[in-house]
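A.B. asks: Below are the sequence and a predicted model for it; my questions follow.
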Amino acid sequence: MARVIVRAVAVPGTPLLVPGVAGAAEVLAQSRAQVLDALRELVRDAQRVVVLDCAARSGGRRGPMRPGLDAAGVEPRWCGWRGRGAAADLAVAGLPASVALLALGQVGWDGPVEVVELAASTTAQTAVNLLGEIRSTPGTGLVVVTGVHPSGADGAPVEQAVLAALAQDLDGLVQRASGEYEERCYEVVRFAARASTPLGASPG
């Protein structure tokens with residue numbers, strides 16, 4: 001059977017995925033394992049990685065960044081994931097993107113990473129157009145950071161549009177770990193290249 005080539009992964013942008021953030025409590029173990037397993041598959045065939053943060057909805061930033069959980073009151077010594085090495089003069093990514101950066105470091109990715117944090121004013125169409133631009137570079141592995149929603153609830157329109165656009169071009173494998181913590185749904189989606197898509201190419 002042919003090996004599945006993962007082109008994009010959607011992960012929930014909650015600091016609780018990082019071991020140690022919840023103190024001695026063990027939370028989201030299943031979701032954490034799914035995230036790491038999916039990212040290992042993603043980086044295996046990637047030349048670069050882009051983290052598209054749909055959960056930030058802040059002023060909008062783009063470029064290399066370093067992870068930091070200080071905004072959640074979490075000191076580095078409490079984090080079970082040390083993440084990848086990053087220059088101290090880089091801007092600190094927002095909490096959702098920081099979780100993705102830490103997870104990428106945990107799976108051993110040491111290649112280039114660009115973080116794209118969507119602005120609060122970003123429309124669904126603008127986000128989809130940006131997605132097309134990102135995926136136009138061959139060899140790009142994409143990590144889409146989503147919000148965390150009550151079980152059974154849909155995400156924000158921008159997030160839904162991005163995930164729908166990926167699903168239109170790629171085959172999606174969804175793994176859900178709902179109700180595991182505070183009745184929230186922590187969903188991991190792997191988007192695999194279809195058989196007709198050449199290795200390293202982006203179908204749209």
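C.D. replies: Noted; the coordinates are in hand.

A.B. asks: And the strand or helix carrying residue 36, how far out from the chain middle?
C.D. replies: Residue 36 is part of helix 29-44, with elements assigned from DSSP states H and E. Relative to the mean C-alpha coordinate of its chain, helix 29-44 is positioned 10 Å out (C-alpha atoms, centre = their mean, to the nearest Å).

A.B. asks: ok, now stretch 109-127?
C.D. replies: 10 Å.

A.B. asks: same check, this time on stretch 166-186
C.D. replies: The answer for stretch 166-186 is 12 Å, by C-alpha atoms, centre = their mean.

A.B. asks: do the same with stretch 63-77
C.D. replies: Centroid separation between stretch 63-77 and its chain, computed with C-alpha atoms, centre = their mean, is 16 Å.

A.B. asks: Buried residues, that stretch. List them.
C.D. replies: 65-69, 74 (16 or more other C-beta atoms under 10 Å). Any C-beta I mention is one placed from the backbone N, CA and C, and that applies to glycine too.

A.B. asks: what do you get for stretch 115-125?
C.D. replies: 115-118, 122, 124.

A.B. asks: Give me the distance between the two termini of it.
C.D. replies: In stretch 115-125, first residue to last residue: 19 Å (C-alpha to C-alpha, to the nearest Å).

A.B. asks: which other residues reach the helix holding residue 36?
C.D. replies: Contact partners of helix 29-44, identified using C-beta atoms under 8 Å, 6 or more residues apart in numbering, comprise 4, 6-9, 11-12, 17, 19, 49, 103-104, 106-109, 111, 141-143, 175, 177, 180, 186, 188, 190.

A.B. asks: now swap in stretch 56-75 and tell me
C.D. replies: Residues from elsewhere that reach stretch 56-75 (C-beta under 8 Å, 6+ apart): 15, 18, 20-21, 76, 79, 83, 86-88, 90-99, 101-102, 105, 112-122, 145, 156, 158.
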